[in-house]
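Peer 1: sequence-free structure coming up:
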């Protein structure tokens, strides 16, 4: 009985320590989420500026660019999956991986799929299953910089521009986790390349033509576009990295919060059990003493 | 004749807005050479090379910003946007840091072991040094 009591107390102490750790991690994550959101926001002016410039140039540029040219019959696609470097973030990484699996499954019927990974969790997943991976990046999942995005973009653009018969890619998809709010983050799939120049407000209208003719390009429209599109690709990747980082931290905060709550509950139950065991031990002791003394008085009546 | 209204200028880098304000003159280096942009400039779209962009604000101050390329655009309304992957204001530049980068990367290039990324960093560091020098000239 005494050993049971000690076991319960030991377990309670260890859960208390765990709770301290998860609580600390929760606080760290929750302080970093706003920072990650701020980063997303401060990257916005650049993205807006770039988008405006591209829709101004691309929709009116006479020649089409290899990065925007749609491929009618893709034979090979690339998929970049963005996961976390560290665990303890709930289902964050596995959700992204699941979405990637669905995407590759649907692509596999018609074409070859090459996988690019970002984040150690995804790398572990693919390594464990011994699947081939084209290239991996890791070490920056919770605080990605533009430099990281640039690195990934350079590699992806290079592979995209390689002709398909030399192992190049016809399409590149991104799987990342979109940060809708603190509570909702969802894995999403977007096509990175070939680029879709989304908003072309003045497209085909006479006004648009005028705007194009008003611009003077230096050195010329084609090389301005050449300069812009890789920047745009890197910016897209930067955007999804930042989104994923914010989602990762929010997920971690939630996971750690529920871990802390669980630990609290566990501590309560264990305390109760320990108290019960202690009380039982005391009761038993008293019973033994009373029983013992009763036996003594019983055994010494004759004088 | 020239539009006396100062132009609104946005300088954005990949991860933040570097500078924003009204200016009366901008001197910046495009792939074709230095250009000056005054209010009322015709709409233009120009690729930049790494350089120190000089912006004369409407209150007569000079703002020097090191950019690593990107583009400058003037639209029909006279708004100017300068966009670069990396850009830094002169007051954020560490001259020692930039000099150190230049020296180190130059050494690496001498030994012929460099990546495209290093070339890029070299250009940026050189632009930063240039920006710092402009500021010094202004003060003397």
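Peer 2: Yep, it's here. Note that the structure is predicted; figures quoted are calculated from it, not measured.
Peer 1: How far away from the center of its chain is the longest helix along chain B?
Peer 2: The single longest helix within chain B, with elements called by DSSP state H, is helix B:116-139. In this view, helix B:116-139 has its centroid 9 Å away from the chain centroid, taken as C-alpha atoms, centre = their mean, to the nearest Å.
Peer 1: quick one: contacts of it?
Peer 2: By C-beta atoms under 8 Å, 6 or more residues apart in numbering or on different chains, the residues outside helix B:116-139 that reach it are A:150-151, A:154, B:49-52, B:54, B:62, B:64-69, B:86, B:88, B:90, B:93, B:95, B:98-99, B:101-102, B:105-106, B:108-109. Glycine gets a C-beta too; all of them are placed from N, C-alpha and C.
Peer 1: in chain B, what spans have low per-residue confidence?
Peer 2: By pLDDT under 70, the weakly predicted segments of chain B are B:1-4, B:116, B:138-140.
Peer 1: Would you map out the domains in it?
Peer 2: Here the domain assignment for chain B is B:7-90, B:92-139, based on automatic domain parsing.
Peer 1: Dump those into CSV; add mean neighbour count and distance to residue A:172 as well.
Peer 2: Compiled in CSV, the domains of chain B are given as follows (neighbours: other C-beta atoms under 10 Å in any protein chain shown; distance: least, C-beta to C-beta, whole Å):
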stretch, mean neighbour count, distance to residue A:172
domain B:7-90, 19, 20
domain B:92-139, 16, 20
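Peer 1: Give me every residue in chain B lying close to chain A.
Peer 2: Contact residues, chain B versus chain A (C-beta under 8 Å from any C-beta of the partner chain): B:10, B:12-17, B:30-32, B:35, B:42-47, B:69-71, B:73, B:75-76, B:81, B:83, B:85-86, B:116-117.
Peer 1: residues in contact with the residue sitting furthest away from the middle of chain B?
Peer 2: In chain B, residue B:111 marks the outermost C-alpha relative to the chain mean, sitting 29.4 Å out by C-alpha atoms, centre = their mean. With C-beta under 8 Å, 6+ apart as the criterion, no residue contacts residue B:111.
Peer 1: which residue packs closest to the residue nearest the centre of chain B, ignoring adjacent ones?
Peer 2: Centrality entry for chain B: nearest residue to the mean C-alpha point is residue B:53, 3.3 Å, by C-alpha atoms, centre = their mean. Computed as C-beta to C-beta, 6 or more residues apart in numbering or on different chains, the closest residue to residue B:53 that is not its neighbour in sequence is residue B:28, at 4.4 Å.
Peer 1: is it true that that neighbour lies in a strand?
Peer 2: Yes - according to DSSP: H, G, I helix; E, B strand; the rest coil, residue B:28 belongs to a strand.
Peer 1: re the thing from before, report the separation between the residue farthest from the centre of chain B and residue A:251.
Peer 2: According to C-beta to C-beta, to the nearest Å, residue B:111 and residue A:251 sit 45 Å apart.
Peer 1: How about residue A:10?
Peer 2: In terms of C-beta to C-beta, residue A:10 sits 32 Å off from residue A:251.
Peer 1: do residue B:13 as well
Peer 2: Distance from residue B:13 to residue A:251, counting by C-beta to C-beta: 29 Å.
Peer 1: Also residue A:7?
Peer 2: Distance of residue A:7 to residue A:251, computed by C-beta to C-beta: 34 Å.
Peer 1: Residue 21: what secondary structure?
Peer 2: By default, I'm working from chain A. Classification of residue A:21 using three-state DSSP returns helix.
Peer 1: what about it, how many neighbours?
Peer 2: Under the neighbour criterion other C-beta atoms under 10 Å in any protein chain shown, residue A:21 is assigned a count of 14.
Peer 1: any chance you could map the helices in the stretch 51-200 of chain A?
Peer 2: For the stretch 51-200 of chain A, the helices defined by DSSP state H, counting those that start in this stretch occupy A:92-108, A:120-128, A:146-161.
Peer 1: hmm, back to that, what angle separates the longest helix of chain B from helix A:146-161?
Peer 2: Calculated by axes from the mean of the first three to the mean of the last three C-alpha atoms, to 10 degrees, helix B:116-139 forms an angle of 130 degrees with helix A:146-161.
Peer 1: residues in contact with residue B:108?
Peer 2: For residue B:108, the contact set (C-beta under 8 Å, 6+ apart) comprises B:114, B:118.
Peer 1: Break chain A into its domains for me.
Peer 2: Residue ranges for the domains of chain A, per automatic domain parsing: A:2-25+A:257-288, A:26-256.
Peer 1: on that earlier part again, isn't the residue nearest to residue B:53 right next to residue B:71, touching?
Peer 2: No - applying C-beta atoms under 8 Å as the test, residue B:28 and residue B:71 come out as separate, 10.1 Å apart.
Peer 1: Find residues that contact each of those two.
Peer 2: B:48, B:82.
Peer 1: Output the residue of the stretch 1-150 of chain A whose distance to chain B is smallest.
Peer 2: Nearest residue of the stretch 1-150 of chain A to chain B, counting by C-beta to the nearest C-beta: residue A:146, 4.0 Å away.
Peer 1: My understanding was that that residue contacts residue A:239; is that so?
Peer 2: No - using C-beta under 8 Å, residue A:146 makes no contact with residue A:239, being 10.5 Å away.
Peer 1: what's the neighbour count on residue A:195?
Peer 2: 19.
Peer 1: got the contact list for the residue in the stretch 151-300 of chain A positioned nearest to chain B?
Peer 2: The nearest approach of the stretch 151-300 of chain A to chain B comes at residue A:218, 3.7 Å away (C-beta to the nearest C-beta). By C-beta under 8 Å, 6+ apart, the residues touching residue A:218 are A:224, B:30-32, B:35, B:44-47.
Peer 1: In helices, which of those fall?
Peer 2: Counting by DSSP H, the contacts of residue A:218 place residue A:224 in helices.
Peer 1: Out of the contacts of residue A:218, list just those in strands.
Peer 2: Among those, the members found in strands (DSSP state E) are B:30, B:35, B:44-47.
Peer 1: Chain B contacts on the stretch 201-303 of chain A?
Peer 2: A:211, A:214-219, A:221, A:223-224, A:227-228, A:231, A:234-235, A:238.
Peer 1: All set, thanks.
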